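*Asks:* What would the 3D arrangement of this be:
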Amino acid sequence: MRLALRLGLGLLALVLLFSAIYQVNETEQVIITQFGRPVGAAVTRPGLHVKLPLIQEIHRFDKRFLEWDGDPNQVPTRDKRFIWIDTYARWRIVNPLLFFQRLRDERGAHSRLDDILDGEARTAVARHDLVELVRSSNRPMSGAEDMDSLAGDVNLTIKTGRPEISAEVLSAAQKRVTDLGIEVLDVRFKRIGYVEEVRQKVYERMISERRRIADQYRSEGQGEASRINGERERELKSISSEAYRKAQEIVGRADAQAARIYAGAYNQNAQSREFYSFMRTMESYQESFNPETALILSTSSDYYRYLSRGGR
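*Replies:* Numbers count the residues shown, from 1 in each chain. Presented below is the predicted three-dimensional model:
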């Protein structure tokens, strides 16, 4: 009997000991409640800790950055363009006691963040035009990435871009969660897209814009081709004219030299003159006669005398 009593008391002591000692990890922070009410400050130091057994309960909360991922929402912009926005955020628990009193757990925090972040995102989008949401800066956009052309705002200079709008949502959300024991660290637009009703119009405008750019490139190419062809023709005429001029100069110099040679040979003596006359007459015969030529010449003609026998 005494042995059983001792065993029972020992077992009870072990149960009380194990229920009184708890461990806190490096990534955790703990709130102790007694009959549902918080007792003392939050336990944030890692290691073993002691509480009252059985009547006190521990509630663990994460110290790390936590994720909030919102649902896609259809929102109108200031210029009356309906778009889908999909946002996400990072947050953490900075006051576990206040967090427990106001939100109880992470599920309650996510429900509260749904209201706060979705509402602030809608408000921020409604205060800005579409081009401010799809652009981050005023840098020139290439044809492949120019989303602004879809909205007809290619040359529009923006003062507020997507990062600034995200910062507006973050600032407004931080002011609303100060009494919840949490801190919103960052808010971003994960995705921005057109609603289905206007998507086809967007595609048509995109096709029209690309065709306009293609026509512009084609027109510039044709103009450049015409310019190159014109220069080629001008250079070809210049080269041909210069070559003809040089050829005529060469022919002229050759004719002059030949004339000097003929004149020199002709004036040397009577035999040379006779030989020159004979050669020139032979050349004229070759150029003037063919098998169908018929000539009527006088026997006393100088032109005939070389055709007669003996040349006399």
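
*Asks:* Just the strands from this protein, written as ranges.
*Replies:* Assigned by DSSP state E, the chain shows strands spanning 21-24, 28-34, 37-43, 47-50, 56-62, 66-69, 73-76, 82-93, 182-194.

*Asks:* now these in TSV, with distance to Met282 and mean neighbour count?
*Replies:* Yep, even glycine has a C-beta here, placed from its N, CA and C like the rest. Converted to TSV, those look like this (distance: least, CB to CB, whole Å; neighbours: other CB atoms under 10 Å):
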stretch	distance to Met282	mean neighbour count
strand 21-24	130	14
strand 28-34	126	18
strand 37-43	131	14
strand 47-50	132	10
strand 56-62	121	16
strand 66-69	110	14
strand 73-76	105	15
strand 82-93	100	18
strand 182-194	96	17
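
*Asks:* between the ones you listed, which gets nearest to Leu236?
*Replies:* strand 182-194 (55.3 Å; CB to CB).

*Asks:* Could you export the closest one as CSV, CA atoms only?
*Replies:* The C-alpha trace of strand 182-194 is given here as CSV (Å, rounded to 0.1, in the frame of the first residue of the first chain):
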residue,chain,number,x,y,z
ILE,A,182,2.7,43.5,-35.2
GLU,A,183,4.8,45.4,-37.7
VAL,A,184,4.4,45.4,-41.5
LEU,A,185,7.9,45.2,-43.0
ASP,A,186,7.2,45.3,-46.7
VAL,A,187,4.3,45.4,-49.2
ARG,A,188,4.7,44.7,-52.9
PHE,A,189,2.5,44.3,-56.0
LYS,A,190,3.2,40.7,-57.1
ARG,A,191,1.2,41.0,-60.3
ILE,A,192,-0.8,43.6,-62.2
GLY,A,193,-3.0,42.5,-65.1
TYR,A,194,-5.9,43.7,-67.2
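
*Asks:* what angle do that strand and strand 82-93 make?
*Replies:* Strand 182-194 and strand 82-93 meet at an angle of 160 degrees, taking axes from the mean of the first three to the mean of the last three CA atoms, to 10 degrees as the criterion.

*Asks:* Report the strands that pair with strand 182-194, each with its relative direction.
*Replies:* Strand pairing for strand 182-194, using DSSP bridges, gives strand 82-93 (antiparallel).

*Asks:* what's the distance between the strand it pairs with and the middle of its chain?
*Replies:* Distance, stretch centre to chain centre, for strand 82-93: 25 Å (CA atoms, centre = their mean, to the nearest Å).

*Asks:* How about stretch 212-220?
*Replies:* Remark: stretch 212-220 is offset 19 Å from the chain centroid, using CA atoms, centre = their mean.
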